[in-house]
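J.: Sharing a model prediction with you, sequence too.
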Amino acid sequence: MRKFLAALLVGAAALTAACSDIKQDWYTQTIPQNEGANANLPGVLLRNAFVIGPQTPAAPGADMPMYLTLLNESGRSDRLVSVDTGGVFREARLPAGGLEVPGGKYVGGTALPQVLLAGLTRPLTAGAVIPMTFRFQNAGETRVNVPILPPGEWRATYSPWPGVPEPSPAPSPTRSPTPLPTGAPPTPG
């Protein structure tokens with residue numbers, strides 16, 4: 001038994017020494033927390049998928065931009081070919097031919113949307129989630145619950161899809177309403 005324990009300790013010491021030679025920066029990196037949907041597919045990571053909703057419930061027919069980041073961990077190019085909202089929107093528009101994700105690269109993660117969800121089929125409010133299926137040319141498909149986030153200070157810098165009006169930012173508790181000019185009649189409400 002002593003020989004076995006001694007051999008086990010020697011093996012553990014050798015493994016520790018070998019591991020200390022491997023550069024492991026990943027455990028010291030700070031990965032920002034996100035409020036969106038995340039999924040791992042073979043070779044592709046879907047990160048922080050979300051929709052910025054309006055301050056008031058969105059009416060049927062509305063279009064909403066969706067933001068996300070796709071990381072391609074494989075050495076070959078892949079493509080997001082479709083997004084299915086399960087009937088919540090009439091369609092999900094991608095760039096012509098799909099959203100290409102080159103091997104070893106990422107796309108998205110910016111203030112520009114990657115997908116336009118067009119033709120809302122029923123009223124929708126911030127705080128809801130939409131079950132969506134993302135289909136990739138090589139990585140397959142995944143189903144995740146994509147949150148509808150309320151407009152807010154940090155999201156105010158995000159661009160809408162061309163032609164889609166920007167959601168109005170949430171009122172700041174420190175801002176007071178703009179006073180009417182002296183002598184101006186109040187606006188009807």
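T.: Nice, thanks for sending it over.
J.: what about this protein, any weak spots by pLDDT?
T.: Applying pLDDT under 70 to the chain flags residues 1-33, 153-189.
J.: what about 90?
T.: 1-35, 52-56, 74-75, 95-97, 106, 109-112, 125-127, 150-189 (pLDDT under 90).
J.: count of residues packed around residue 41?
T.: 17 (other CB atoms under 10 Å). Heads up, the C-betas are built off the backbone N, CA and C, glycines and all.
J.: Please list all residues in contact with it.
T.: 136, 139, 140, 141, 142 (CB atoms under 8 Å, 6 or more residues apart in numbering).
J.: Pairing partners for the first one in the sheet, please.
T.: If I follow you right, that is residue 136. For residue 136, the beta-bridge partners under DSSP bridges are residue 80, residue 140.
J.: Confirm that residue 95 sits in a helix.
T.: No. With DSSP: H, G, I helix; E, B strand; the rest coil as the criterion, residue 95 is assigned coil and is not in a helix.
J.: how close does it get to residue 66?
T.: 13 Å (CB to CB, to the nearest Å).
J.: neighbour-wise, which of these two wins?
T.: Each of residue 95 and residue 66 has its neighbours counted (other CB under 10 Å); residue 66 has more, 26 against 11.
J.: Point out the other helices and strands that whichever helix or strand that one is part of packs with.
T.: Using DSSP states H and E, residue 66 sits within strand 64-72. Helices and strands touching strand 64-72, by 3 or more CB pairs under 8 Å, 6 or more residues apart in numbering; DSSP states H and E, are strand 44-52, strand 78-84, strand 99-101, strand 106-108, strand 115-120.
J.: Selecting buried members of the contacts of residue 41 in ChimeraX, what would you type?
T.: Selecting the buried subset of the contacts of residue 41 in ChimeraX, with 16 or more other CB atoms under 10 Å as the burial test, is done by:
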select :136,139,142
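J.: could I get the contacts of residue 41 as TSV with distance to residue 58?
T.: Shown next, in TSV, are these (distance: CB to CB, whole Å):
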residue	distance to residue 58
136	28
139	31
140	31
141	26
142	25
